[in-house]
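[1] Could you work out the structure for the sequence below:
(chains A and B)
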Amino acid sequence: MTFPLPIRSHSITASPSDYRGSTKLIVFAPPRIDPIATSGHVDIDVPGTNSPERLRVRIQQIQIEQDTAKTTRSSKGGVFVDLNRAGSGLMEIVTEADMRSPAQAASFIKKLQSILRRLGASDGDMEKGSLRVDANVSIHRAGTPYGTRCEIKNLNSVRFMQQALDYERRRHAIHYLTNPDVPLRQETRGFNESTGETHTLRTKEDAEDYRYMPDPNLPPVAVAAHYLENLRKTLPELPDVARDRLSNQYGITATDVETLTSMDEFEGEGIKYFEEVVKGGDPTDNPLDGKKAVNWITHELLGQLAQRDVAWTPEKFPSHLMRELLVLVEKGELTGTSGKNLLRHVLSGDREKTLDIATTAQELGLVAQGADKLEELCKAVIEKLPKEVESIRKGKVNVIMRLVGQVMKDSKGTADAKKAREILVKLIEESKIT
Amino acid sequence: MRISRRLLNIDSFTWRPSTPFFLDPAHSTTLAEKATLAGKPIAIKDNILYRSSPTTCSSDILINDAGRPFDSPYTATCVRNLLDAGAGLVGKTSMDEFGMGSMNVNLPPGSKRVVNPFRPRRREGKEERSAGGSSGGSAAAVASSQAFAALGTDTGGSIRLPASYCGIVGLKPSYSMVSRYGVVSYADSLDCVGVLARNVEDTRAVFDVISGPDTKDATCASASTRARAREVEDEARRRITGLADGRLDGLRIGIPIETHLPASQTPLPLHPLLKHLTSLGATILPISLPGIRLSLPAYYVLACAEASSTLARFGGGWFGRGSAEERELTRRDGWGGEVRKRVVAGTYALTADAFNNSYLKALLLRHRLRGDYQAVFRSSHPLGDWTTPDSRGVDIILHPTAIQTAPILPKEDTPATTPEYAQDLLTVPASLAGLPCLSVPYGTADADGLPMGVSLTGQWGMEGLVMDVARVGVESLTQGE
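    Alright, predicted model coming up:
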């Protein structure tokens, strides 16, 4: 059980309720000052020797603060202060120095964003100011201790953060190479987005005195054990857990899970959709092949939607329809090409016709050709293309593919190419004999 | 009683509507059943927000370019409760700037000063007396019968001191009993909204209306906390067996030895009152609250530190003249001398260099004082694991409210002869401890014929019991005269 006591601080940027909490103060017994959480971690993927490896970034603590304002630097050098956020709560998440490159920092931020979104804690949008990063940099020569640490404040995109870290890393290296005897000055720095450079905001000497004091308007909050337990129980499935579970259960790749996760980072609808397609609505439904299902979802469905520049939602093509479609394909009643056509038709057409996939497929004439129908088609093609047939008879076997192509074309994709080939070969050989 | 001769038509308002403002009954469905204050004219201190009335806190910093005061877009919870109960708003009353002062003289230049409406029977001195501060306008409005009751705020005695000087009743409730939503902050951990009225029962009627939970103030006590406090209070009431018959049998009253001051600081001796209380069946006991001795400096460090924080919002960007260049001017010219002094002192107390030896020490003294109070009460604190109830403890702590009667109003532009801060000597302990404290008149001083109040302090959440004892034990003495 923790009793976080909000702390007020004061800075020059005046805001209506001019405070910003922090927990950097140790006070005698009566007011207890505690972060809301300590000793956590976030695992990220980093490139390994052969395959990606997992890197654990430790979270030192999370503390609740009050936001003061959002600052935006204009290209002309002016600073705009947006005070609409003043007084609203914010979380400061403090990591340990566990990241070794700008790329690692970037994948940490992206991972953090997906966790925050899944938890419903924040939309994690850095441009909107929902998430900001203060990044600390220090470098060393292998085998020697780390040098001076500099903090870059208020980075507002992952790209800018990487740029800033990269610039700062070089700056430190150049300093140590050119002035090996002078220690680097410890300072807080800002990042200029137009030049891609960092600059001094303040040094240790002119650090601001925030004049910390316990905030009397925010009494300590007692977090009851049962409340905490309830939160733990109702936690949504987090990205890491989802990845392990889905790849074990369905044999799909990490990239596939990532795509499913990214379909809806907030409610996890993408993963839910996938599992509905695979499992069906009824416990007696036969599970479909996970890999095939994920391919249909991520390639066909998302691909089609991307072409139309439409964002995915489960309603665009409800999971039971997708399942129905996949069942038809699996049974061979619908070829893959027909399935894709059907999907395209449903996504572009009006919804009334989509209530029954099988009927729609019939209506569109997409149902796979039976053997008799296919043979008729093949005969027609042989008659249509006598030259090609002649070439085949003379031994140019590969020309058969042109005939197959024609069959596919004439059947509007409903023919099974493999079967069509068999029939064509059979017919041509038969005709040779006669 | 003698405290009845009063000057009328004292100018104690900063804003007065032509007719008292009542809530449109159509807007309040609960009006009929809750109308305990139906038709009662009530004044509010000028740091309590009422929608579409000006709020100045007696400060130029809340006056804009065009010379217009801040016009609040919302109404304080306590005022909303009053209006819902059928009360009429008669106006907003003068105060020391942002509540800082004890004489209602820290006003913008050219403002009308509030004169104490009380007129002693013998007219030795013709000098005008101060109504006290910082809720001086509220006290004067009530004492001169321009309002049935008034709301004030009390950070270190700003309700009780004016009540004592003007010969009326003033209640500073327990911290967090009345919502501070819509009340301009001075020191957030000490500010309390309270009541000034001419007698205890009027005070009770108003307090019962403004006291209640409010989600808009995180420090306002919840309904369940209030229920727990009521249980403890009912238990304490049952021990005072004489209460139903207008007696105090079973009541234990403690007199802190630390409040026993030299005769020069005790204009009206307590012993006639103590004799009266004993005759009603109460037991008087000497107690010790050692923390009182250092409570005045502790109070001023904490109050100023918090003021430097809460007043930081008046940065000139929201109120005042606005433009970036003029912000500094706004802060320099907008605040009066007393406010500037306290902001500077408080800012210093919070700097990294001074913090440990000023703010933290004051916090520690405050903590010890709270412990001192809890060690002497018979009832346990409804909120905490302080000490277990002690049958040898006391129910009420009693001492004079002030070290003097109403001081002479200093001539304008001359410094006050009375050291202002010392006047709070006996009022700040209950503020630091967050306990309910009621000042009720117990007579007039022989020397100048001016009224004096006695303070009754109870366990947290026991305003009801404090008011019971004040009515039965103290008002019965003055009414006889």
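[2] Near residue 394, how many other residues are there?
    Defaulting to chain A. Using other CB atoms under 10 Å in any protein chain shown, A:Lys394 has 9 other residues around it. C-beta: built from backbone N, CA, C; applies to glycine.
[3] Hmm, no, I was thinking of chain B.
    For B:Val394, the neighbour count with other CB under 10 Å is 24.
[4] residue in chain B nearest to chain A?
    Chain A sits closest to B:Gly315 of chain B, with a gap of 3.1 Å, by CB to the nearest CB.
[5] What's the local residue count around that residue?
    20.
[6] Tell me the secondary structure at it.
    Of the three states, B:Gly315 takes coil according to DSSP: H, G, I helix; E, B strand; the rest coil.
[7] Contacts only, for B:Val206.
    Neighbouring residues of B:Val206 by CB atoms under 8 Å, 6 or more residues apart in numbering or on different chains: B:Leu37, B:Ile42, B:Leu82, B:Ala87, B:Ala149, B:Leu151, B:Val195, B:Ala197.
[8] What parts of the stretch 351-481 of chain B come near chain A?
    Counting by CB under 8 Å from any CB of the partner chain, the residues of the stretch 351-481 of chain B close to chain A are B:Thr351, B:Ala352, B:Phe355, B:Tyr359, B:Leu360, B:Leu363, B:Leu364, B:His367.
[9] again, only this time at 7 Å
    Residues of the stretch 351-481 of chain B found near chain A (CB under 7 Å from any CB of the partner chain) are B:Thr351, B:Ala352, B:Tyr359, B:Leu360, B:Leu363, B:Leu364, B:His367.
[10] most surrounded residue in those residues?
    Highest count within those by other CB under 10 Å belongs to B:Tyr359, 25 neighbours.
[11] Quick check: it touching B:Val301?
    Yes: the pair B:Tyr359 / B:Val301 is scored as a contact, 6.3 Å apart, by CB atoms under 7 Å.
[12] that older thread, as TSV, the contacts of B:Val206 with neighbour count and distance to B:Pro120 would be great.
    Output for those, formatted as TSV (neighbours: other CB atoms under 10 Å in any protein chain shown; distance: CB to CB, whole Å):
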residue	neighbour count	distance to B:Pro120
B:Leu37	23	32
B:Ile42	28	28
B:Leu82	25	33
B:Ala87	29	32
B:Ala149	28	24
B:Leu151	29	28
B:Val195	33	25
B:Ala197	24	22
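[13] would you turn these into a markdown table with pLDDT, secondary structure and distance to B:Thr241?
    What follows is those, written out as a markdown table (pLDDT from 0 to 100; DSSP: H, G, I helix; E, B strand; the rest coil; distance: CB to CB, whole Å):
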| residue | pLDDT | secondary structure | distance to B:Thr241 |
| --- | --- | --- | --- |
| B:Leu37 | 89 | coil | 32 |
| B:Ile42 | 96 | strand | 36 |
| B:Leu82 | 94 | helix | 35 |
| B:Ala87 | 92 | coil | 35 |
| B:Ala149 | 97 | strand | 31 |
| B:Leu151 | 98 | strand | 35 |
| B:Val195 | 98 | strand | 28 |
| B:Ala197 | 98 | strand | 28 |
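[14] By mean pLDDT, which helix or strand of chain B comes out lowest?
    In chain B, no helix or strand scores lower on mean pLDDT, DSSP states H and E than helix B:31-34, which sits at a mean of 53.
[15] Show me the shaky parts of the chain.
    Picked chain A for this. Residues of chain A meeting the criterion pLDDT under 70: A:1-34, A:205-208, A:350-355, A:362-372, A:432-434.
[16] switch to chain B, that's the one I care about
    B:1-10, B:23-34, B:122-125, B:317-324, B:385-389, B:412-419, B:480-481.
[17] so where do the strands sit in it?
    For chain B, the strands defined by DSSP state E occupy B:13-15, B:21-22, B:41-45, B:54-55, B:70-71, B:88-93, B:149-154, B:169-172, B:192-197, B:252-256, B:283-287, B:396-400, B:437-444, B:451-457.
[18] From chain B, how far out is A:Glu383?
    Distance, A:Glu383 to chain B, using CB to the nearest CB, to the nearest Å: 84 Å.
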